[in-house]
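Peer 1: Output the structure for:
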Amino acid sequence: MFLTLDAVLNAEELEDICKKLAVAEFADGKSTAGWHAQLVKHNQQLAPNDPYWSEHQARIKAALNRHPLFQPAVQPDVLHTLLLSRYEAGMSYGSHVDNALMGHNENGQRYRSDISWTLFLSPPDSYVGGELVIEGSEGERQIKLAAGSAVIYPSSYLHRVEPIVSGVRLAAVGWVQSLVRDPAQREILFDLEAARRSLFRQHGKTPEFDLISKTHANLLRRWADC
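Peer 2: Alright, predicted model coming up:
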């Protein structure tokens, strides 16, 4: 499922993050790419020793978690491996698929990349090029969102960032290990959640609402990997 999340960051958060990134130190983005992705990755990433790195990470994760569509769409288990990227003129990230396993916790455990997300930090009219292109059997989707908005999509897709012609593109990217591995199952759960919320808004707690809630809960119980 592909889903756009509007206004993940509010104006104050967005301004503060971008102000700090404007004077931050960035490193070569190849350092976090797999051996094959390094061949096509030409961008920069916030250096891990940046004094605001932990603050940025906590703020962005909190913003995603509070968005009303994020939880029902993603069914997050762990939000992991967040990166802050910078593209300037001539930079791009060619076609690639994200690593299936990423990062690790204090016990050395790795996490699956079930869902990828990109949070756009630069206004779309401040740079030319730089579209996120997601490649699928049904064709290509070009995505360039307002600053503060995000897109989520299955990590199994090939995708790329088109070359920057002018300006600077700032974005946060990250990955989620979901409680529900299968994207089709996540979409069914999301549709049921949307239906029951709509029904509740219109009619309150009805027998029909209870039946949908029962089905949603039982499917989540059946499919959850925890």
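
Peer 1: got the contact list for the nearest residue to residue 37 once chain neighbours are set aside?
Peer 2: Leaving aside its sequence neighbours, residue 37 sits nearest to residue 96 (CB to CB, 6 or more residues apart in numbering; 4.4 Å). C-beta coordinates here come from the backbone N, C-alpha and C atoms, glycine included. Taking CB atoms under 8 Å, 6 or more residues apart in numbering, we find residue 96 in contact with 33, 34, 36, 37, 40, 41, 158, 159, 160.

Peer 1: By neighbour count, sort out the buried ones in these.
Peer 2: 33, 37, 41, 159, 160 (16 or more other CB atoms under 10 Å).

Peer 1: Pick the one among the residues you listed closest to residue 179.
Peer 2: Lowest distance from residue 179 to the buried ones among the contacts of residue 96 (CB to CB) belongs to residue 159, with 23.5 Å.

Peer 1: surely the closest one meets residue 134?
Peer 2: Yes: the criterion here is CB atoms under 8 Å, and residue 159 meets it with residue 134 at 4.6 Å.

Peer 1: shared neighbours of the two, which are they?
Peer 2: The contact sets of residue 159 and residue 134 overlap at residue 153 (CB under 8 Å, 6+ apart).

Peer 1: one step back: ok, of the contacts of residue 96, which one's closest to residue 211?
Peer 2: residue 159 (38.2 Å).

Peer 1: and the nearest residue to residue 185 once chain neighbours are set aside, what is it in contact with?
Peer 2: Distances taken as CB to CB, 6+ apart place residue 223 nearest to residue 185, at 4.9 Å, with adjacent residues excluded. For residue 223, the contacting residues are 180, 182, 185, 189, by CB under 8 Å, 6+ apart.

Peer 1: what packs against the helix ranked longest in the chain?
Peer 2: Secondary structure assigned by DSSP state H gives helix 183-203 as the longest helix of the chain. Applying 3 or more CB pairs under 8 Å, 6 or more residues apart in numbering; DSSP states H and E, one finds that helix 183-203 makes contact with helix 70-74, helix 207-223.
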